[in-house]
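Trainee: sequence and predicted structure, then a few things I'm wondering about:
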Amino acid sequence: MKQETIDRIRKFTTDRDWEQFHTPANLAKSIVIEAAELLECFQWSETVFDLQHVKEELADVMVYSRNLLDELGLDEDEIINMKMTMNEKKYPVEKAKGSAAKYDQL
């Protein structure tokens, strides 16, 4: 995410004095709620959906995720790369390529 976007999210929150509500639990709940709203966009069809609505709900998930990163003092690149390293070990290309099986079924 670009720094100017991060700064804009932070300013939006600060200007409204919403940090007081941004506990890790509240933010995690908000991410799940917004993710459910994103899923709702595909409730009746995987091919017919309102792209604008998808973008809005996905943005909400990302904004709350950014807020949770800030609240916990985490770096998004660091934790994503940590998880990717774990995933690469759990899902080696030679076993996982073209398969939707869970790692313990490979």
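Mentor: Yep, that arrived. Residues are numbered from 1 along each chain as shown.

Trainee: please, where are all the helices along the protein?
Mentor: 3-15, 24-40, 51-72, 76-90, 93-96 (DSSP state H).

Trainee: the ones you listed: which one's closest to Leu106?
Mentor: Among the helices of the chain, helix 93-96 comes nearest to Leu106, with 4.3 Å by Cβ to Cβ. (Each C-beta comes from the backbone N, C-alpha and C, glycine too.)

Trainee: name the residues of that closest one that are buried.
Mentor: Ala96 (16 or more other Cβ atoms under 10 Å).

Trainee: could the helices of the chain go into CSV alongside distance to Leu106 and mean pLDDT?
Mentor: Output for these, formatted as CSV (distance: least, Cβ to Cβ, whole Å; pLDDT from 0 to 100):
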stretch, distance to Leu106, mean pLDDT
helix 3-15, 37, 98
helix 24-40, 27, 98
helix 51-72, 29, 98
helix 76-90, 9, 97
helix 93-96, 4, 92
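
Trainee: check the chain for me, the residue farthest from its geometric middle.
Mentor: Glu94 (27.9 Å; Cα atoms, centre = their mean).

Trainee: next up, the contacts around that residue.
Mentor: If a contact means Cβ atoms under 8 Å, 6 or more residues apart in numbering, then Glu94 has no contacts.

Trainee: and it, how close does it get to Lys83?
Mentor: 21 Å (Cβ to Cβ, to the nearest Å).

Trainee: do the same with Val48
Mentor: 32 Å.

Trainee: who has more neighbours, those two?
Mentor: Lys83 (10 against 7; other Cβ atoms under 10 Å).

Trainee: domain assignment for this structure?
Mentor: 1-74, 75-106 (automatic domain parsing).

Trainee: the residue nearest to Ile31 when sequence neighbours are not counted: neighbour count?
Mentor: Spatially, and ignoring its direct neighbours in sequence, Ile31 is nearest to Tyr64 (4.7 Å; Cβ to Cβ, 6 or more residues apart in numbering). Taking other Cβ under 10 Å as the neighbour definition, Tyr64 ends up with a count of 22.

Trainee: just checking, Tyr64 touches Asn26?
Mentor: No - contact between Tyr64 and Asn26 fails when scored by Cβ atoms under 8 Å: they sit 9.3 Å apart.
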